[in-house]
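Asker: sequence and predicted structure below; questions after.
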Amino acid sequence: MLMLVDCSSCRTPLQLTPGNRFITCAICHAITRVADLSFYALPSLAPSHYNQSLCSVNGRKRAVICGISYKNTRVVDKLEGCINDAKCMKHLLIKKFMFPESSILMLTEEETDQCRIPTKHNIRMAMFWLVQGCQPGDSLVFYFSGHGSRKRNYTNDEIDEYDETLCPSDVESNGVIVDDEINATMVKPLPYGVRLHTIIDACCSGTVLDLPFLCRMERNGRYAWVDHSPPSGVFKGTNGGEVISFSGCDDDQLSAETHNSSKAIATGRMTSSFIKAIESGHGTTYGDLLTSIRTIIYKDEILDGDGNRQEPQLTANEPFDINRKQFFL
């Protein structure tokens, strides 16, 4: 049975495998000793409020969708479109990719269940829920629309010397979720035969999953996979599973909001472009989808005239031919 233990130093929740009494934190590298294993035992699929009824035994689909407006915090700007983004992404997963509504966990400030407010703790638990108990054939999606940021890294596991982060709704009191933790929670445990896609509509999000390969694409469609493994040599891959991430911009860029043609509804530029590309039939391959998203965003930037340069990124645990590999969720 899975155990959930807080790091003795930084308090990050860690997954303790059965039989072990020591665990090393992926964030601060502190070693935590557990005296009473029974105290930390988790029920199946994490706490009961995350137990969603899933479809079949094999080939299951499961998603976590986070949309945050930051209406109750003073340290970051409020965002108009993120909850709209979350609702649009849910609709896309259900209608286009046949995700059962019962297998989609929504976290927004509009939720009445306190366990579904996108706080730091709830997002962490949702990430655990997403990958826990997955089996070969499962398709998982993690979507986030909100603020992203960067912080200086001093452990030699970032090429650019910065950690990328996601900002929960309670960022003012509890801080950010760092890329090392996201990788340790959703990427490293992913077993063979399981696919995880993430779509991150946030600033500074290019490598927010800390995946070892980054796809660099030129305007003419030429691309090359760049080894983005940390200088420290720390393993950032999976346990045999496949992880592919679309993010709204590069690590040093901003991911903007935009409005529909009537200027009435705000949405994230990345989310809007991602959905438009798929619905217009430009999502056959990963290369086709990435090119289409970038083209739509580039046109929006010209129309809006806001001067923002935003280039969506593609990262993965293993390189692949983006012009041959079919995109599906």
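Answerer: Everything's here; your move. These figures come from a predicted structure and were not determined experimentally. Numbers count the residues shown, from 1 in each chain.
Asker: quick one, what contacts the nearest residue to Ala202 once chain neighbours are set aside?
Answerer: In space, and not counting its chain neighbours, Ala202 is closest to Gly148: 3.2 Å by Cβ to Cβ, 6 or more residues apart in numbering. Every residue, glycine included, has its C-beta placed from N, CA and C. Each residue near Gly148 by Cβ atoms under 8 Å, 6 or more residues apart in numbering is listed here: 164-167, 200, 202-205, 208, 255.
Asker: quick one: the strands in the stretch 51-200 of the chain?
Answerer: 61-67, 104-108, 139-145, 148-152, 162-166, 177-178, 195-201 (DSSP state E, counting those that start in this stretch).
Asker: parallel or antiparallel, list what pairs with the last one.
Answerer: Taking DSSP bridges as the criterion, strand 195-201 forms sheet pairs with strand 139-145 (parallel), strand 242-247 (parallel).
Asker: out of these, deepest packed?
Answerer: strand 139-145 (a mean of 26; mean count of other Cβ atoms under 10 Å).
Asker: hmm, back to that, who wins for most neighbours among the contacts of Gly148?
Answerer: The residue in the contacts of Gly148 with the most neighbours, by other Cβ atoms under 10 Å, is Ser205 (35 neighbours).
Asker: sec struct for that residue, please.
Answerer: coil (DSSP: H, G, I helix; E, B strand; the rest coil).
Asker: on that earlier part again, want to throw the strands of the stretch 51-200 of the chain into a markdown table with mean pLDDT and distance to Thr295?
Answerer: Output for those, formatted as a markdown table (pLDDT from 0 to 100; distance: least, Cβ to Cβ, whole Å):
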| stretch | mean pLDDT | distance to Thr295 |
| --- | --- | --- |
| strand 61-67 | 97 | 25 |
| strand 104-108 | 96 | 29 |
| strand 139-145 | 98 | 21 |
| strand 148-152 | 90 | 23 |
| strand 162-166 | 92 | 25 |
| strand 177-178 | 94 | 31 |
| strand 195-201 | 98 | 17 |
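Asker: remind me which residues of the protein are low pLDDT?
Answerer: 1-6, 8-19, 21, 26-28, 34-59, 259-264, 304-306 (pLDDT under 70).
Asker: hmm, 50 instead?
Answerer: 1-2, 36-49, 52-58 (pLDDT under 50).
Asker: TSV for the strands of the stretch 51-200 of the chain, including distance to Leu214?
Answerer: Output for the strands of the stretch 51-200 of the chain, formatted as TSV (distance: least, Cβ to Cβ, whole Å):
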stretch	distance to Leu214
strand 61-67	23
strand 104-108	27
strand 139-145	18
strand 148-152	16
strand 162-166	12
strand 177-178	18
strand 195-201	14
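Asker: what's the closest of those to Thr119?
Answerer: Nearest to Thr119, of all the strands of the stretch 51-200 of the chain, is strand 104-108, at 8.5 Å by Cβ to Cβ.
Asker: helices along the stretch 201-329 of the chain, start to end?
Answerer: 269-279, 286-304 (DSSP state H, counting those that start in this stretch).
Asker: likewise for the stretch 1-150 of the chain?
Answerer: Assigned by DSSP H, counting those that start in this stretch, the helices in the stretch 1-150 of the chain fall at 82-95, 120-131.
Asker: so how far is the last one off the chain centroid?
Answerer: To tie it back to what came earlier, the one meant is helix 120-131. Its chain's C-alpha centre lies 11 Å from the corresponding centre of helix 120-131 when counted by Cα atoms, centre = their mean, to the nearest Å.
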